[in-house]
Structure formats: C-alpha cells, structure tokens
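1. Next one to model:
(chains A and B)
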Amino acid sequence: MSDAVVVLKDVGKTFANGTRSLAHLNLAVQAGELVTLLGPSGCGKSTTLRLLAGLETPSSGTVAVPARKPGQVGFVFQDPTLLPWATVADNVLLPLRLQKMQAAEARRRCTDVMRLVGLADFARAYPHQLSGGMRMRVSIARALAPRPRLLLMDEPFAALDEISRFRINDDLLRLKKELKTTIVFVTHSVYESVYLASRIAIMAVRPGRVTEEIAIDPPLPRGADLRTSAAFLGYCDRAMRALGRAAAEDRR
Amino acid sequence: MIGRLSARYGPPAAAFAVFLLAWEAVVRLARLPPYVLPAPSLVATTLIADRATLFASLWVTLRTTFAALGLAIVGGSLLAILFSQWKWLERALLPFAVVLQVTPIIAIAPLLLIYLPAWGAVLSCAFFVAFFPILANFSLGLASTDRNLLDLFALYGASRRQTLVMLRLPAALPYFFAGLRIGAGLALIGAVAAELAAGASGQETGLAFRIVEAGYRLDIPRMFAALVLISLAGIAIYFSLSALAHLVLRHWHESGGV
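-> Residues are numbered from 1 along each chain as shown, chains lettered A, B, ... in the order given. Down below sits the predicted model:
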C-alpha cells in the first residue's frame, strides 16, 4: 500500500466530556480516490476528518497521513468560513500568505485557481456580496490554492439548494480530474455520496465506525442522465440498504 | 436622495423644533424670569455673548477628554491583546480593572486630588472610566474569533503572530469600535465629573467649573449655555466615531451599515 494517502487503524476517539465519538475505525484511502463517508448525524464523520487534518489527536489506534504538512492538506468546512473583511482574492491567497509564498507566484496561483472554480470575475468582491454557492466556491478555491495532495470536505454543500448543489458537484468532479487530488468527502446524502464517490464508506453511530465499503467500480459513466440511470439508482439502493444494516446493528 | 434624508432626519428634527418652540412659548406666556427658566433664545444669545469664556473652557474639557480617551485606547487595547495571549495574565489583572470600574469615579476623585495635581486627577478620572469598556469589549472580540477560522489557521501552520495580526485583531474590530463609542462618551462624563470635584484650580478651567461658577452667581442662562456646549460635544464625538466605524467596517460587518 505504497500509494496510501490515509491509513486509519483501529482508531478510537473519546472526548474530554466522556463522549465516545469513534471506536475501532478502520479506513484506508489510496491516491486519486474520492472516498465519501456516509452516515447519520453524530456518527463521527466530522471527527474523522478533523483527525485526518491533525486538528484532533486519536485516543487510541493510529492515524497515518504521510502528506500531512502545512499546505499538503486542504479543508473545506460546512460553512464557507471566509474572512469577511477580505476580498475573494485575499481569501484565496490566505493559505499561500501563511506559508510566506513569494507574492508574484502566489498571485499567479490565485488567478489560476479562481478561473478553475469560476470565480475569475469576482476577485474584488467581498464575501457578503456573494451567494451561498459562490462563497462555497471561494472556500474550495482557497483549499485548492496550495495544491494539496489531500482535500478534506465536511458536508460542504449541505446548505445549498439542490440546483446549485448539482452544479457544484459536477465542478468538483471536474476539478478532481484536473488536479488529481485525493478527496475524502463527508455527507449524509446518499445520492450525493454515490454521485461523487469512487468508494463509499458507510458509518454507524454510537460509537462511530465504518461498517461497510461500497466501491463504485467500474466508474459510473458521466452524463446528463446519470442521476436517473439504472446503475446510479442501483448503487443508491445498495448504499441505503447498507445504512439500514448499520442502523439495525446500532439498535441491537 | 433628498426624500430619503428627510424621511430619516425629518421626524427627529421636527420633534426637536416643536420642543424648543414649546419651551420658548411657556417661558414667554408665563413670564418666567430668566433665573427660574431661561428661554432657548436667551440661552442662545448668552452662548454667543460669552463665547470667548465658554469656548475656551470647552477646549480645556475636550483636551482632557481626548487625552484620556487616547490613553484609554492605547492602554485598553494593549492589555486586551496581552490578555488574549496569556490567560493567566487576564486572571491576575482583571480584578483590578473590575474594581476600578465598579467604584464610582466621583468617589475616587477627592482622593486623586490629594495625590495628583488637579489636571492629573481630572485626566486620571476620565481615563479610568473610558478604559474599561474598551478593554472589556476588545477582550470579548479577541476571544470570539470563529472556531473554524482558527482551525484553518492551525491547519496551515500559522504562527501565533500571524493568527493575531491576520485573524484575531481584524475579527475583533467591530467589538473595538463598540467599546470605543462607549468609552468616548464616558471619557467626557469622567472629565466633567472630575472637574466638578476639582473645582477652580489653576489658570485653565473646564466647562464643568463654568457651570458651578455660573450657579453661584445665579446666572442660569449661562449654566444652560455651558450645558448645551457639553451636550453638543458629546453628540459630535459619538457621531464622528460612528462615522469612523462605518468607514472601516462598511465592507463586511452588519453594524457597518448604520
């Protein structure tokens, strides 16, 4: 497994207040994959991401993220989490400035990444002037600017309307193809999960753990009618059954 | 544009005009002598007639107010930043700040007048009352930085200095301005209160002393004239700081739209 970007082995996380968030969680992510963590609220999806980002430390087990140096891991939060006093361009430049990248190089990268996510015309706008979807694009551009090897996304599109969500889902897949970034994506939407993933990890609650994995193999053919195709709906059905089994395990 | 302005400022201006007219009418119809209640017109003429004395005194009071406010901004902000970086320092020093805040300044003034020259005592009083709201509000602002943004800075390996300068300080600006607006008003009140306690002292005397002096002489119109000047100064300070806050925050903060 030389290409593993993330290896979680028997990871447990108990918070100071005694809440047992994760127990015996195992997950490996290979370079180039897009793994979605799918599960109900409170199953520790976000905690898992924070462990991967190094924002939390595990109570037991090991978290190995070889790429984890500043700038090698990008994080997109549930909220856009932008600096409200800074323009779109300054927000995207932030991680590069924190790394003290040379100004000309940083500016070039910023322009590139803003064009990629469709923000080229908004460089001088302030966050409050943008729609929710556009703000999320700024957040994604900021995460991509340092060219991370691993991108962690925590239900980033949960607050968007379905139409914006579909569009931004497509854009994310296009970006992933162009940038060859490995992505771990947290969601509680079955459809979003199947649409984006190359592999789905189903999670159960109390304590949070991965109960099943579903590989989307061969990759679904991308096209306008994918969301209504039999293959797509077949995977959705499988994912929902897996979620049901995870919930049944919980009740026992 | 003119329609909007008149809709916004018309009602308060009209209400104020009606108030002045009623006051004038009551004084004239009841033939109240000026030492009971002077008419607004008499207050205005007194203000103009005594302008040399009154404006010189206003300048003295304002100088104290601005010096105290300047010291309070520097002291309060510095302490707030230090508190945000070292929590033990906050625990050690905050009680002192709170004691200074809850003790009525007018009760400390006589003591300060013993230890300090009059100008120093007046300045100290104005400083003490202006200092705390700036410290408290700015501290609150520095402590309420968005958790996710702090995580983001941690993720990118930001240094403590970077986090302070690029995140905590700008995020606390709206709180700072809220504290500044309160502190500036209190600095004027503190200066006037301390002047009252200090009484006549030295060559330069502030507006509060003019009020007391005019009171001894039963020169009621002059008392009113001095009061009008103090109010106008307070209003001017408040609105200029609101304008400054608007200028700085208009791009991003809800309070900047006011």
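2. So which bits of chain B are right by chain A?
-> For chain B, the residues in contact with chain A (Cβ under 8 Å from any Cβ of the partner chain) are B:146, B:148-149, B:151-158, B:162, B:166-167, B:170-171, B:173, B:249, B:251-253. In short, each C-beta sits where N, CA and C put it, glycine included.
3. Buried by neighbour count, from those: which ones?
-> Listed as buried from the residues of chain B next to chain A are B:146, B:148-149, B:151-153, B:155-156, B:158, B:166-167, B:170-171, B:173, B:249, B:251-253; burial here means 16 or more other Cβ atoms under 10 Å in any protein chain shown.
4. What strand or helix carries residue B:72?
-> helix B:51-85 (DSSP states H and E).
5. sec struct for residue A:202, please.
-> Secondary structure state of residue A:202, per DSSP: H, G, I helix; E, B strand; the rest coil, is strand.
6. Quick check: residue B:177 touching residue B:248?
-> Yes - at 7.3 Å, residue B:177 counts as touching residue B:248 under the criterion of Cβ atoms under 8 Å.
7. Break down chain B into its helices, ranges please.
-> Counting by DSSP state H, residue ranges of the helices within chain B are B:2-29, B:40-49, B:51-85, B:87-102, B:105-115, B:118-143, B:147-155, B:160-163, B:169-198, B:207-216, B:220-249.
8. In TSV, list these along with mean pLDDT.
-> Shown next, in TSV, are the helices of chain B (pLDDT from 0 to 100):
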stretch	mean pLDDT
helix B:2-29	88
helix B:40-49	91
helix B:51-85	92
helix B:87-102	85
helix B:105-115	85
helix B:118-143	90
helix B:147-155	90
helix B:160-163	90
helix B:169-198	90
helix B:207-216	87
helix B:220-249	91
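9. so which of these gets nearest residue A:179?
-> helix B:147-155 (18.3 Å; Cβ to Cβ).
10. ok, for the residue of the stretch 1-150 of chain B found nearest chain A, nearest residue in space, not its chain neighbours?
-> Nearest to chain A in the stretch 1-150 of chain B, going by Cβ to the nearest Cβ, is residue B:148, at a distance of 4.2 Å. Leaving aside its chain neighbours, residue B:148 sits nearest to residue A:81 (4.2 Å; criterion: Cβ to Cβ, 6 or more residues apart in numbering or on different chains).
11. Around chain B, which positions in the stretch 51-200 of chain A sit nearby?
-> So the stretch 51-200 of chain A meets chain B at A:53-55, A:70-71, A:73, A:75, A:77, A:79, A:81, A:83-85, A:94-95, A:97-99, A:126-128, A:146 (Cβ under 8 Å from any Cβ).
12. Now list the buried members of the residues you listed.
-> The neighbour-count criterion (16+ other Cβ under 10 Å) marks A:53-55, A:71, A:73, A:75, A:77, A:79, A:81, A:83-85, A:94-95, A:97-98, A:126-127, A:146 among those as buried.
13. Inside strands: which ones of those?
-> Among these, the members falling in strands (DSSP state E) are A:73, A:75.
14. Where does chain B get nearest to chain A, residue-wise?
-> For chain B, Cβ to the nearest Cβ, closest residue to chain A: residue B:157, 3.3 Å.
15. Quick check, that residue in contact with residue A:70.
-> Yes - the criterion here is Cβ under 8 Å, and residue B:157 meets it with residue A:70 at 3.3 Å.
16. shared neighbours, the two?
-> With contacts taken as Cβ atoms under 8 Å, 6 or more residues apart in numbering or on different chains, residue B:157 and residue A:70 have A:98, A:99 as neighbours in common.
17. Centre-most residue in chain B?
-> When Cα atoms, centre = their mean is applied to chain B, the residue found nearest the centroid is residue B:185 (1.7 Å).
18. doesn't residue A:217 fall inside a helix?
-> No - the assignment for residue A:217 (three-state DSSP) gives coil, which keeps it out of a helix.
19. per-residue confidence for it?
-> For residue A:217, the pLDDT comes out at 75.
20. Then residue A:210?
-> For residue A:210, the predicted pLDDT is 76.
21. For it, grab phi and psi.
-> Reported as degrees, to the nearest 10, the phi and psi values for residue A:210 are phi -90, psi 120.
22. And the strands in the stretch 101-250 of chain A?
-> Secondary structure of the stretch 101-250 of chain A (DSSP state E, counting those that start in this stretch): strands at A:150-154, A:182-187, A:199-204, A:209-215.
23. Can you add mean neighbour count and give the ones you listed back as a markdown table?
-> A markdown table is the format used below for these (neighbours: other Cβ atoms under 10 Å in any protein chain shown):
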| stretch | mean neighbour count |
| --- | --- |
| strand A:150-154 | 24 |
| strand A:182-187 | 25 |
| strand A:199-204 | 24 |
| strand A:209-215 | 18 |
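24. Can you flag the weakest of the ones you listed by average pLDDT?
-> Among the strands of the stretch 101-250 of chain A, strand A:209-215 carries the lowest mean pLDDT, at a mean of 76.
25. Just checking the distance from that one to the centre of its chain.
-> Centroid separation between strand A:209-215 and its chain, computed with Cα atoms, centre = their mean, to the nearest Å, is 17 Å.
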